[in-house]
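Engineer: sequence first, predicted model second:
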Amino acid sequence: MTTTAAPATAPFRFFDVHVVRTERRSPSVVRITFGGERLADMASGGRDQRFKLFLPQPHQSRPVFDDTGDGWYTAWRAQDPAERAVMRTYTIREQRHEPEEFDVDFLLHGVDAAGHSPASGPACRWAASAGPGDRLAVLAPTVEDNGGVDFRPPTGTDWILLTGDGTALPAVAGILAWLTPGTRAKVFLEIDHEDDRQHLPGFADADLTWIVRDAAGTPGGEPVLDALRAAELPEGTPYAWIAGEAGSVKAQRRHLVQERGFDRRTVKFTGYWRRGATEEDLIAELTAAAAASASQD
């Protein structure tokens, strides 16, 4: 899961965590449960709660930081890329207390049946081979109402629209678990394999459409957008939350605003990843844009 924003530390804090257990949930998803000594201080806001995960380099046993205070981002950027921790953005699937644990679902891009992942990124390779005791660090919230939660339907919303691909599935699951009983929701989820379907518990009146990419059409198509175009949507005031590949998300938002007449202020859209780009690429673009803006002030 990728986001282009460089997070502020407050109200977030660095936590040293370790792998408690792993569970292969489907052909494309492994769930990893993390524990740590100070996790009682962690306070997930639920829904689509995101956080930063820091992986060690292959030759390291744990991530290496020069600074974990307010200046962590500048210090992290200045570190040797071969030594600094690999940063990725993920969703907290579930947090529990006594014992203090939280789950993260990793989408295994490019991992074959034998567990090899030559074409995947560092987080995917790490998740595919992770085992109990493996150590890493996270920058996670310490208050429930924090900037890492984007799903915030306004007062007066009559129904909810959720769309996402496999990277957004944990967030959609969290949102559905959070919705109050009887809330109307239309949900469109794109998955890689039929066996990637999950039971998504909740009390909302949710109409789920699972779209299996292999069965949806030719590679490179937009199955979620096609499903949206063909869908009959409820009457009333909607609130839409759409996430996944950046180009697809933008196309879906354009359809909702221009063709369906949604108020653009009621459409929350987030590019969790961008085809052909790594999180390092996106961070570099963000940093360059911020520097250019500062030079013009």
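Structural biologist: Received it, and whenever you're ready, just let me know what you need. From a predicted model like this one, the values you see are computed outputs, not experimental measurements.
Engineer: what's the longest helix in this protein?
Structural biologist: As assigned by DSSP state H, the longest helix anywhere in the chain is helix 279-296.
Engineer: flag every buried residue along it.
Structural biologist: 279, 282-283 (16 or more other CB atoms under 10 Å). Placement of C-beta: from N, CA and C, glycine included.
Engineer: and of the residues you listed, the nearest to Y73?
Structural biologist: Among the buried residues of helix 279-296, I283 lies closest to Y73 (CB to CB), at 9.4 Å.
Engineer: please tell me how far that closest one sits from G182.
Structural biologist: For I283, the distance to G182 equals 41 Å [CB to CB, to the nearest Å].
Engineer: pLDDT weak spots in the stretch 51-200 of the chain?
Structural biologist: Under the criterion pLDDT under 70, the flagged ranges of the stretch 51-200 of the chain are 110-119.
Engineer: strands of that one, residue ranges please.
Structural biologist: Using DSSP state E, counting those that start in this stretch, the strands found in the stretch 51-200 of the chain span residues 86-91, 94-96, 101-107, 135-141, 159-164, 184-191.
Engineer: now render the ones you listed as CSV, adding mean neighbour count.
Structural biologist: Putting the strands of the stretch 51-200 of the chain into CSV (neighbours: other CB atoms under 10 Å) gives the following:
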stretch, mean neighbour count
strand 86-91, 23
strand 94-96, 15
strand 101-107, 23
strand 135-141, 22
strand 159-164, 25
strand 184-191, 22
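Engineer: between these, which gets nearest to G121?
Structural biologist: strand 86-91 (8.1 Å).
Engineer: can I get the buried residues of helix 279-296 in TSV including distance to W210 and pLDDT?
Structural biologist: TSV is the format used below for those (distance: CB to CB, whole Å; pLDDT from 0 to 100):
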residue	distance to W210	pLDDT
E279	27	77
L282	29	76
I283	33	75
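Engineer: can I get those residues in CSV with distance to P223?
Structural biologist: As requested, the buried residues of helix 279-296 are arranged in CSV below (distance: CB to CB, whole Å):
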residue, distance to P223
E279, 25
L282, 24
I283, 29
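Engineer: helix/strand/coil for A251?
Structural biologist: Put simply, A251 is helix when judged by DSSP: H, G, I helix; E, B strand; the rest coil.
Engineer: chain neighbours aside, what residue packs nearest to it?
Structural biologist: Nearest-residue entry for A251: L225, 5.3 Å, with adjacent residues in sequence omitted and distances by CB to CB, 6 or more residues apart in numbering.
Engineer: check the burial of that neighbour by counting its neighbours.
Structural biologist: Using other CB atoms under 10 Å, L225 is surrounded by 19 other residues.
Engineer: same deal with S129?
Structural biologist: 13.
Engineer: can you tell which of the strands of the stretch 51-200 of the chain is closest to P27?
Structural biologist: It is, among the strands of the stretch 51-200 of the chain and with distance given as CB to CB, strand 184-191, at 9.5 Å.
Engineer: what sits opposite E190 in the beta ladder?
Structural biologist: E190 has these beta-bridge partners by DSSP bridges: I211.
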